[in-house]
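Student: show me the folded form of this:
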Amino acid sequence: MKRIIIVIIAVILIGVSIFTVKNYNTSINNANSSIENADQSNTDQSNTDQSNTDQSNTTQNNDSTKSGQISSGVTKAIDFKLKDLDGKELSLSDLKGKNVFLNFWATWCPPCKAEMPEIEKLYQETKDSDLVIVSIEIGEPLGTVKSFIDTNKYNFKVLLDLDQSVAAKYNIASIPTSYFIDKEGNIISKKMGAMNINEMKALIKSLDK
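Tutor: Now for the predicted structure:
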């Protein structure tokens, strides 16, 4: 009888041991699974953060071409033909062999108006040189532009881009925007935003390098 009781107790103990081991293994597996899921989540989050960082950096790089920034690099200037305030046509190709300071502006633009006296100073200093200053007024009628130029006694060349087609060709997104074109018709620099005469001279100097 005692042996039977001992055998029964032994069986019970063995069963309990097996159950405990199974539960322990299950707990370990669940824990490992949780850790793996957490690691995967952290990896996914890290990738997302990196993607957001890359996107932010791209946006910041794109923003570097906004107003006030100077970009440089050799690109062929697109030819155009426009009329001046006297109705005479002028093409960019007519100016080959000259350095060209090409400025896009409008009479309603405060930074443009602030920049104009500096352009006039530059014109007076360089009118007998190989530099040609060409300002392109965007979208306004002859009477409005002529009145503005005459009132302020500006003497540099003004062309009328009435339908804004030339501004579109030159991807003008804000004004004033200026292009500096060398004697071979290559765009050497582009400046978005108003300049003083010293900034203009520095960019013009780069045309002869």
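Student: I197 is in contact with K121, correct?
Tutor: Yes. If you go by C-beta atoms under 8 Å, K121 and I197 touch, sitting 5.2 Å apart. C-betas here are computed from N, CA, C, even on glycine.
Student: overlap of the contact sets of these two?
Tutor: Common contact partners of K121 and I197 (C-beta atoms under 8 Å, 6 or more residues apart in numbering): none.
Student: show me where this structure dips below the pLDDT cut-off.
Tutor: In the predicted model of the chain, residues 1-73 satisfy pLDDT under 70.
Student: so what's F80 up against?
Tutor: Residues in contact with F80 (C-beta under 8 Å, 6+ apart) are S91, L92, S165, V166, K169.
Student: distance of the fourth one relative to S189?
Tutor: When C-beta to C-beta, to the nearest Å is applied, the distance between V166 and S189 equals 19 Å.
Student: with the second one instead?
Tutor: Here L92 is placed at a distance of 16 Å from S189 (C-beta to C-beta).
Student: buried set for stretch 167-178?
Tutor: In terms of neighbour count (16 or more other C-beta atoms under 10 Å), stretch 167-178 has its buried residues at A167, Y170, I172, I175, P176, T177, S178.
Student: let me fix that, I meant to ask about stretch 95-115.
Tutor: Buried residues in stretch 95-115 (16+ other C-beta under 10 Å): 95, 98-107, 109, 111-113, 115.
Student: now swap in stretch 186-201 and tell me
Tutor: Within stretch 186-201, the residues that qualify as buried are I187, I188, S189, K190, K191, M192, G193, A194, M195, E199, M200, counting by 16+ other C-beta under 10 Å.
Student: so who does the last one touch?
Tutor: M200 is in contact with F101, E118, I119, L122, S178, counting by C-beta under 8 Å, 6+ apart.
Student: related to what we said a few turns ago, write a ChimeraX command that selects only the buried members of the contacts of F80.
Tutor: Buried subset of those, written as a ChimeraX selection, criterion 16+ other C-beta under 10 Å:
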select :92,166
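Student: which of the contacts of F80 fall in strands?
Tutor: Mapping those onto strands (DSSP state E) picks out S91.
Student: in CSV, list the contacts of F80 along with distance to L142.
Tutor: Below are the contacts of F80 laid out as CSV (distance: C-beta to C-beta, whole Å):
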residue, distance to L142
S91, 19
L92, 21
S165, 16
V166, 16
K169, 21
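Student: closest to E137 among the contacts of F80?
Tutor: For the contacts of F80, the minimum distance to E137 (C-beta to C-beta) is 10.6 Å, reached by V166.
Student: before we move on, the earlier item: out of the buried residues of stretch 95-115, which are inside helices?
Tutor: Counting by DSSP state H, the buried residues of stretch 95-115 place P111, C112, K113, E115 in helices.
Student: state the distance from the residue nearest to the second one when sequence neighbours are not counted to I149.
Tutor: When the adjacent residues along the chain are set aside, C112 lies closest to W105, with 3.8 Å between them (C-beta to C-beta, 6 or more residues apart in numbering). To I149, W105 is 11 Å away according to C-beta to C-beta.
Student: quick one, phi psi at the closest residue to P111 other than its chain neighbours?
Tutor: Nearest residue to P111, sequence neighbours excluded (C-beta to C-beta, 6+ apart): A194, at 4.2 Å. With angles defined as degrees, to the nearest 10, A194 sits at phi -70, psi 150.
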